[in-house]
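1. need a structure here:
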Amino acid sequence: MSKADLIVGIQWGDEGKGKIVDMLAQDYDMVCRSQGGHNAGHTIWVDGVRYALHLIPSGVLNPKAVNVIGNGVVLSPESIIKEMEQFGSLVGRLYISDKAHLNLPYHAQIDQAKERLKGDKAIGTTGKGIGPAYAEKISRSGFRVGELLNPAKLTTSIIDFFEQNRAIFDVLEIATPAQDELLELLTSYKDALEPYIANTTNMVWEAIDKDQKILLEGAQGTLLDIDHGTYPYVTSSSTVSAGACTGLGISPKDIGTVTGIVKAYTTRVGNGPFPSEDFTDEGQKIADIGKEVGTTTGRGRRCGWFDAIAVKHAARLNGCDQLSLMKLDVLDGFPKIKICVAYDVNGERVDYMPSDLENVKPIYEEIDGWDSVVGVRDYDALPENAKKYIERIEEVTSTKVGIVSTSPERADTIIRG
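-> As a prediction, this is how the structure comes out:
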């Protein structure tokens, strides 16, 4: 029986999972997305063409792979219908769990209204309705993708939900949808998505039983996990490897190799603690060279140096067999490159990640820089200082760096034996 290999983000998201999933997916029969919503964004470059994915698994660029959106995802019909347009018909290649929860337009209205009410205490969400959709799921008042197959009944249920929560919606200044308009909208969703809705749990089980090669991908990153991230500045789902099991309906025993994706530096979008953030010109230089703008939001990302302590913590949480180091080329030309190897917590040096990062200061080591790694596809051909940097990361994180990306292109990737 086959095992499902897993790709997981190890920082605050935006690590470059899309490129690695796309590259590896060429050798897999099925690629599955387990959680998150259209707040996530994967940018993939193939032969100079840019693809921006938000809900569809990155395996869509492998014409032979079946792509599965699991029950742990909150699905915006509007977003996925628009996203599908860049690929034409995906019938037979894309399946959406009938148990995934719907993220409807009113969820984004709730999200944005609540952020406004929080003022300067806002979390900095994408405003895409992810949190409200998950909140309704947990409170057992949400709606599932399978309910789209009966738009009239779903329309009535949503109107009833609005009436039951009228006081809350009044405070948020959100009007009850007009019934005829809502029915028309939900019917259009059904017409577009009905061929793709399926019992994906059984599909994945059958693929495992048939010894097919399966690749699992999550969204966001470990440090945004609802339980293990920098709460409350987190996403609303389980972004760690264990979340792939609940988000697809598979057993922990079904998980094979776990690859953690990390940038050669660190970025974060939105508010929340970020110990290795660099507020100098060097931090801005990293942002400029790395084109650090969110695929989904268009927001500039906060940038800083590689936080090896946070990565060590996340690698242990996920059971990583290896790391994939992305965007190494962004650090080309820096005279000195910093790596956070410990934290100063109230004057004490610690080599672990505390639950509260607010009063944490980074303790850095410096490594001499290198000229260029762009396009290098063999580890031995890397500049010596680049190899020293990689090997120091391995030492501090206690995790092997098995993959190194040296440009956005799919082929510019080093696979270490």
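
2. got the CA positions of the helix or strand that contains residue 167 in CSV?
-> Remark: residue 167 resides in helix 166-172, with elements defined by DSSP states H and E. In CSV, the C-alpha atoms belonging to helix 166-172 read as follows (Å, rounded to 0.1, in the frame of the first residue of the first chain):
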residue,chain,number,x,y,z
ARG,A,166,-30.4,39.3,12.6
ALA,A,167,-29.1,41.2,15.7
ILE,A,168,-25.5,40.3,14.8
PHE,A,169,-25.9,41.2,11.2
ASP,A,170,-27.5,44.5,12.1
VAL,A,171,-24.5,45.5,14.2
LEU,A,172,-22.2,44.5,11.3
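
3. And for it, what's in contact with it?
-> Applying Cβ atoms under 8 Å, 6 or more residues apart in numbering, the contact partners of helix 166-172 are 109, 110, 113, 114, 117, 162, 175, 176. Backbone N, C-alpha and C define where each C-beta goes, glycine included.

4. Of all these, the one with the weakest confidence?
-> By pLDDT, residue 117 ranks lowest within the contacts of helix 166-172, coming in at 78.

5. Pull out the buried positions in the helix holding residue 167.
-> Across helix 166-172, burial judged by 16 or more other Cβ atoms under 10 Å covers 169, 172.

6. For that helix, give the mean pLDDT please.
-> Helix 166-172 shows a mean pLDDT of 93.

7. I'd like the next helix or strand past that helix.
-> Going down the chain from helix 166-172, the next helix or strand is helix 179-193, by DSSP H and E.

8. Got the confidence number for the residue of the chain most remote from its centre?
-> In the chain, residue 180 marks the outermost C-alpha relative to the chain mean, sitting 35.7 Å out by Cα atoms, centre = their mean. With respect to pLDDT, residue 180 scores 96.

9. same deal with residue 24?
-> Looking at residue 24, its pLDDT is 87.

10. can you check residue 296 too?
-> The predicted local confidence for residue 296 is 62.

11. which residues of this protein score low on pLDDT?
-> Counting by pLDDT under 70, the chain contains low-confidence ranges at 1, 123-124, 295-297.

12. thinking residue 193 is in contact with residue 96, fair?
-> Yes: at 6.7 Å, residue 193 and residue 96 qualify as touching, with contact defined as Cβ atoms under 8 Å.

13. So which of those two has more stuff around it?
-> Neighbour count, other Cβ atoms under 10 Å: between residue 193 and residue 96, residue 96 has more, with 28 against 19.

14. any shared contact partners between residue 193 and residue 96?
-> Taking Cβ under 8 Å, 6+ apart as the contact rule, residue 193 and residue 96 both touch 80, 145.

15. now the helices for the stretch 251-400 of the chain?
-> All helices of the stretch 251-400 of the chain, identified by DSSP state H, counting those that start in this stretch, fall at 281-289, 308-318, 384-397.

16. Nearest to residue 68 among these would be which one?
-> helix 308-318 (20.5 Å; Cβ to Cβ).

17. quick check: angle from that closest one to helix 384-397?
-> Here the directions of helix 308-318 and helix 384-397 differ by 60 degrees (axes from the mean of the first three to the mean of the last three Cα atoms, to 10 degrees).

18. For helix 308-318, report the contacting residues that lie outside it.
-> Residues outside helix 308-318 that contact it (Cβ under 8 Å, 6+ apart): 8, 10-11, 221-223, 225, 228, 240-241, 258, 260, 262, 266, 275-276, 320, 323, 339-343, 351-353, 392-393, 396-399.

19. Buried ones in it, by neighbour count?
-> Buried, per 16+ other Cβ under 10 Å, within helix 308-318: 308, 309, 310, 311, 312, 313, 314, 315, 317, 318.

20. beta partners of residue 268?
-> residue 302 (DSSP bridges).

21. of the helices of the stretch 251-400 of the chain, which approaches residue 66 most closely?
-> Of all those, helix 308-318 sits nearest to residue 66, with 24.7 Å by Cβ to Cβ.

22. mind checking how far the closest one is from the chain centre?
-> Per Cα atoms, centre = their mean, to the nearest Å, the displacement of helix 308-318 from the mean C-alpha position of its chain is 16 Å.

23. before we move on, what about stretch 178-194?
-> The answer for stretch 178-194 is 29 Å, by Cα atoms, centre = their mean.

24. and which of the contacts of helix 166-172 is nearest to residue 288?
-> Proximity of those to residue 288 (Cβ to Cβ) peaks at residue 114, which lies at 33.1 Å.

25. Which residue is the nearest non-sequential neighbour of that closest one?
-> Closest residue to residue 114 apart from its sequence neighbours, by Cβ to Cβ, 6 or more residues apart in numbering: residue 172 at 7.1 Å.

26. Then residue 2?
-> Taking Cβ to Cβ, 6+ apart as the measure, residue 2 lies nearest to residue 211, with 4.5 Å between them; neighbours along the chain are not counted.

27. Can you give me the neighbour number for that neighbour?
-> Residue 211: 11 surrounding residues under other Cβ under 10 Å.

28. that older thread, list buried residues within the contacts of helix 308-318.
-> For the contacts of helix 308-318, a burial check counting by 16+ other Cβ under 10 Å picks out 8, 10-11, 221-223, 225, 228, 240-241, 258, 260, 262, 266, 275-276, 320, 323, 339-343, 353, 392-393, 396-397, 399.

29. So which of those residues are in strands?
-> Among those, the ones falling in strands (DSSP state E) are 8, 258, 260, 262, 266, 323, 339, 340, 341, 342, 343.

30. Isn't the second one up against residue 8?
-> Yes: with contact defined as Cβ under 8 Å, residue 258 and residue 8 form a contacting pair (6.5 Å).

31. Touching both of these two, which residues are there?
-> 241, 318, 320.

32. ok, residue 360 touching residue 342?
-> No: in this structure, residue 360 is not within contact of residue 342 by Cβ under 8 Å, at 10.2 Å.
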